[in-house]
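Q: Following is a predicted model, sequence given first.
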Amino acid sequence: AQRVTQPEKLLSVFKGAPVELKCNYSYSGSPELFWYVQYSRQRLQLLLRHISRESIKGFTADLNKGETSFHLKKPFAQEEDSAMYYCALKDAGGTSYGKLTFGQGTILTVHP
Amino acid sequence: DAGVTQSPTHLIKTRGQHVTLRCSPISGHKSVSWYQQVLGQGPQFIFQYYEKEERGRGNFPDRFSARQFPNYSSELNVNALLLGDSALYLCASSPWTSRMRQETQYFGPGTRLLVL
C-alpha cells in the first residue's frame, strides 16, 4: 500500500528565512511525486512535480529514493507563501492511473 | 476557461438521505476523479472515471457510486448518508494519454456536505 507522511502539521517561519516542508512516502513501485498548495479561499492547485525538475515561486523539491523523501524547500520565505501544502503520490502503474495519495498537509505561516 | 466546476457549493442533509454531487471537467479533459476531504486531513481518493468507465476505486463502501456522461461530466452519489460522510468532496479532471502518469490533475472548488 502506498502512504504519504507529512510529519509537521504546522510550520512557522519569519519572512526571509529558509523553509523546508517534509514529505516521506512508502511505495513499492516507481512513484510520481507532487506538491499541491491551497491558498486561503482558493482551490487546491499543483505547485510542482518531481518529473519536471522545475522551480515554481522559488520552491524546489528533490526526490530522494534512498530516503523515500520529497521535501519542499525555499531559501527565502515570503508572506504570500502562507498556505496549506500537500504532498501527493501518484500510482504510475496498475489500473488506477489517476489515483493520488495525499499526506495530511502542512500549514505554513510566514510572519512579517 | 472556468476550470473544473462543481455543484452545489454547499449541501445539508440528514442521516439516511441520498445525495448527488456534480462535476464539469475542464474542456478537453476526459478523465474525472473524486476525492473526499475530511476536516484536518488530506484528500482521499474515491473514484476515477474515463470514457464513462470506472478506472479506479478507493477504499469506500458501496454506498458511494459515480458515473460519467458522454460530455465527460460526472456525478457522485452517496446513499444512506452517515454523519461521517460530512466532508468536502473534490472533483479533479485531467487529460488522458497513454502516459497518464505525466498528466496533472486540476481540482474544482469542492462541494461541502454536512450530514446532520
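A: Thanks, I have the structure now. What you see is a predicted model, and the numbers here were worked out from it, not measured in a lab.

Q: Can you give me the neighbour number for A:L21?
A: Residue crowding around A:L21 was assessed by other C-beta atoms under 10 Å in any protein chain shown; the count is 24. No exception for glycine: its C-beta is placed from N, CA and C like everyone else's.

Q: Kindly report the same for A:Y85.
A: Under the neighbour criterion other C-beta under 10 Å, A:Y85 is assigned a count of 23.

Q: got it, and the one 3 residues further on?
A: By other C-beta under 10 Å, 24 other residues sit near A:A88.

Q: you'd agree it is in a strand?
A: Yes. With the criterion set as DSSP: H, G, I helix; E, B strand; the rest coil, the secondary structure at A:A88 is a strand.

Q: tell me the contacts of it?
A: A:A88 sits next to A:4, A:33-36, A:100-103, B:42 when contact means C-beta atoms under 8 Å, 6 or more residues apart in numbering or on different chains.

Q: same thing with A:S69?
A: Listed by C-beta under 8 Å, 6+ apart, the contact partners of A:S69 are A:22-25, A:63.

Q: again, but for A:A61
A: Neighbour list for A:A61: A:23, A:33, A:35, A:48, A:50, A:70-73 [criterion: C-beta under 8 Å, 6+ apart].

Q: Mind doing that once more with 6 Å?
A: Contact analysis of A:A61 by C-beta atoms under 6 Å, 6 or more residues apart in numbering or on different chains lists A:35, A:70, A:72.

Q: Mind checking which of those residues land in helices?
A: If you go by DSSP state H, those have nothing in helices.

Q: Out of those residues, who's the most crowded?
A: Within the contacts of A:A61, neighbour counts (other C-beta under 10 Å) peak at A:F70, which reaches 26 neighbours.

Q: Could you find the closest non-adjacent residue to A:L100?
A: What sits nearest to A:L100 in space, not counting adjacent residues and going by C-beta to C-beta, 6 or more residues apart in numbering or on different chains, is A:A88, at 4.6 Å.
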